[in-house]
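Participant: below are the sequence and a predicted model for it; my questions follow.
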Amino acid sequence: MVQQYQSPVRVYKYPFELVMAAYEKRFPTCPQIPVFLGSEIKYEYKSDDGAVHVKERRCKLNVDAPYILKKIAGVEVVYFIQKNSLDRRERTLKIEAHNESFASRVVVKETCLYSVHPENPEWTCFEQSASLDVKNFFGFESTVEKIAMKQYSQNIKKGKEIIEFFINELKSKGVTYVPPWTPPKPVSPSEPKAQTSQPESQTAATVLSSPSSSDSITSTSSYHSANTAAQTPASPTVPDIPELPPDIRISSEDKLDADYIERFLGHLTPIQESYLIQLRKWIAESHKGQATFLCKGQESRVPKDSHILRFLRARDFNLEEARKMLCNSLAWRKQHQVDLILDTWKPPTPLVDYFAGGWHYYDREGRPLFILRLGQMDVKGLLKACGEEAILRHILSVNEEGLRRCEEATKARGYPISTWTCVVDLEGLSMRHLWRPGVKALLRFIEVVEANYPETMGRLLIVRAPRVFPVLWTLVSPFIDENTRKKFLIYGGNDYLESGGLADYIDPEYIPDFLGGTCHCNMPEGGLVPKSLYQLLDNLSMNDGLPSLCQETIYQLSSVFKGSPHEVLVNIDDKDSVLTWDFDVLKGDVVFTVLRSRRPLSMPKDPPGAVGGPLNVQLLDKSMTVGVDVSVVETPLVCHEGESIQGSHVARYPGPYVLQWKFHNAPVSSSLPQAVKATLPDVFTHHKCKVMYYHEVLASEDF
């Protein structure tokens, strides 16, 4: 497998000519680079006007490898061929190198470029790319790869420091300026001289001894990366100076500046920087001609660098795994237009009034702080009032807002902030929060967030955890990424008030009053959602034309008419399986029954109301006889408007079972005057009921 490396753009805040003078001082040997043992010039070419100077060297390197590997290979040193092409007119130096030793077993290539900064002609930019392909090395291919990339990474770090060192050395000798190349005065033509193999001895100090010495400045490969590079051997008579490829120009939008990375993304190793640049470039190339990220008033085909970096961190900088994860997430964002959610999402009233969570200042490290009073939330009521789709969209808007706040904090504080802190208050958490449909929805939310917002949680502080919390943690923790789980801190009772508690992570002035602080938290307090707000699913399935985020909804809405019950088919494959149900009577009174059919049943292809409204499905034929074709396995139960019913049945036999809701005829005395009947509730006068229900079949051991 070929290992690739691509550096960010490193900027020297010195003119190109001064950087070249400093660079030249690294030859023929450089004590600051111990692995570089020396070099000899194999070929040299100068143009008549002195603008072009090509030099090819054979360089000797020491290999920092285990003794046994050196013994097997039979060498103590390795040789590289390096070719420098200096163009003083264009103010560029292109360096190409490749390995001479073991060329049939290992292919090492490197390309470097020094050029003038596109926005400041007094600055110099440096870029570097390399590849390593270990084809066959006595069975030590993996070891050689690791040694090469490790040594390469270590030497890269030294590169800028060494240039700075030699620039300071030049300054100490009074050399602060090297004049740029200018065309020479007309002279009689002369043939260029080609030089053959010889030791390299001339130094920058000698070259700089005269004002016109800029024509003599030569440059050599930066052997802080000499063990990986790209090459094109020089012709014996004609210099080969190819056009610089567009992808190595620092003005390209795909390039990243090293100072920018340090300032806005944080410290990265050279290999991590390389993976970031490679993944960024792959996204730009694979999404040409189409918008990946939609922003208000503009489109961009490359996500923000901080966003790309999160996916690399989530996959421990495994480039291929991060690419797959990011690719899936970008497709998901585009399909559901997530990038527009902060501008377009309007949460329904129950979420605005009863979702007990919100953003609240920052923690001690400058991270945005989110407070969630989960114990005070009526999760079940919110699911029934808003639906799983709306709650998930609201959670996505919270995450998108978190990304925005991280960007603002990074700009305001002067150092990178890519994660936020969350405080979850569990006071009030009870078994009502652990009902199965709610846990099921929670796991779906976690799955979506983990897949599309990796490495956004800097720290999660769970306070006032009750005794029931271990049950919830056991259910949820397997679905949370291991790296994220390590960021959880859990406090029972009032432990969060002691040393190591909230005050260690949040300034006391920002600790909410309900957690013992003095700061008012501007967010809903939660509480029970009134049943009058429970959704009439007719209206809540609207997603503004967008594909649904949830493949299926937890709760279904059905209509029950007089003489037209609603029936749900449940096929049970195994004996002793447990059929569970949970439903609310939203309108009218119904009779609920569970039956087992002794004849095969099937759902109609297009049940009434299946599109755009509540369902009404009838499965049992009127010719079917109770006790012969079907049997009642749960006693009929009269359920009144506003009631919530939960139950279960252990199936003694496999086969088709039916959940049935019938219209309940409430007895009304015929002797009542018509005027009195007119004042009775709708349940006595209307012939339609509505039920919101959920059912699931569990294995007996899971119940």
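Facilitator: Looks like it came in fine. All values derive from a computational prediction rather than experimental measurement. Numbers count the residues shown, from 1 in each chain.

Participant: ok, residue 423 - contacts?
Facilitator: Taking C-beta atoms under 8 Å, 6 or more residues apart in numbering, we find residue 423 in contact with 369-372, 460-461, 463, 502, 506, 512, 515. All C-beta atoms are positioned from the backbone trio N, CA, C, and that covers glycine.

Participant: next, the nearest residue to residue 576 once chain neighbours are set aside: phi, psi?
Facilitator: The shortest distance from residue 576 to any non-neighbouring residue, by C-beta to C-beta, 6 or more residues apart in numbering, is to residue 700 (4.5 Å). Phi and psi for residue 700, reported as degrees, to the nearest 10, are phi -60, psi -40.

Participant: who's in contact with residue 700?
Facilitator: Per C-beta under 8 Å, 6+ apart, neighbours of residue 700: 576-578, 650.

Participant: among those, which are in strands?
Facilitator: 578, 650 (DSSP state E).

Participant: list buried residues within the contacts of residue 700.
Facilitator: With burial judged by 16 or more other C-beta atoms under 10 Å, the buried subset of the contacts of residue 700 is 577-578.

Participant: ok, residue 491 touching residue 501?
Facilitator: Yes. Contact between residue 491 and residue 501 holds when scored by C-beta atoms under 8 Å: they sit 6.3 Å apart.

Participant: which neighbours do these two share?
Facilitator: residue 463.

Participant: related to what we said a few turns ago, tabulate the contacts of residue 423 (TSV), appending pLDDT and secondary structure.
Facilitator: Converted to TSV, those look like this (pLDDT from 0 to 100; DSSP: H, G, I helix; E, B strand; the rest coil):
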residue	pLDDT	secondary structure
369	97	strand
370	97	strand
371	97	strand
372	96	strand
460	95	strand
461	96	strand
463	96	strand
502	95	helix
506	96	coil
512	95	strand
515	95	helix
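
Participant: among the residues you listed, which two are most distant?
Facilitator: 460 and 512 (15.9 Å; C-beta to C-beta).

Participant: who has more neighbours out of the two?
Facilitator: residue 512 (22 against 19; other C-beta atoms under 10 Å).

Participant: grab the nearest non-local neighbour of that one.
Facilitator: Once flanking residues are discounted, residue 512 sits nearest to residue 521: 4.1 Å by C-beta to C-beta, 6+ apart.

Participant: before we move on, back to that, for residue 357, state which of the contacts of residue 700 is nearest.
Facilitator: residue 578 (33.8 Å).

Participant: which residues does residue 420 bridge with?
Facilitator: residue 457 (DSSP bridges).

Participant: do I have it right that it meets residue 405?
Facilitator: Yes. Contact criterion C-beta under 8 Å: residue 420 and residue 405 qualify, at 6.9 Å.

Participant: more neighbours, the two?
Facilitator: Neighbour count, other C-beta under 10 Å: between residue 420 and residue 405, residue 420 has more, with 25 against 18.

Participant: dump the residue contacts of the more buried one.
Facilitator: Counting by C-beta under 8 Å, 6+ apart, residue 420 has contacts 367-370, 402, 405-406, 456-458.

Participant: from residue 84, how far out is the residue lying closest to residue 135 once chain neighbours are set aside?
Facilitator: In this structure, residue 135 finds its nearest non-sequential neighbour in residue 105, 5.7 Å apart by C-beta to C-beta, 6+ apart. To residue 84, residue 105 is 26 Å away according to C-beta to C-beta, to the nearest Å.
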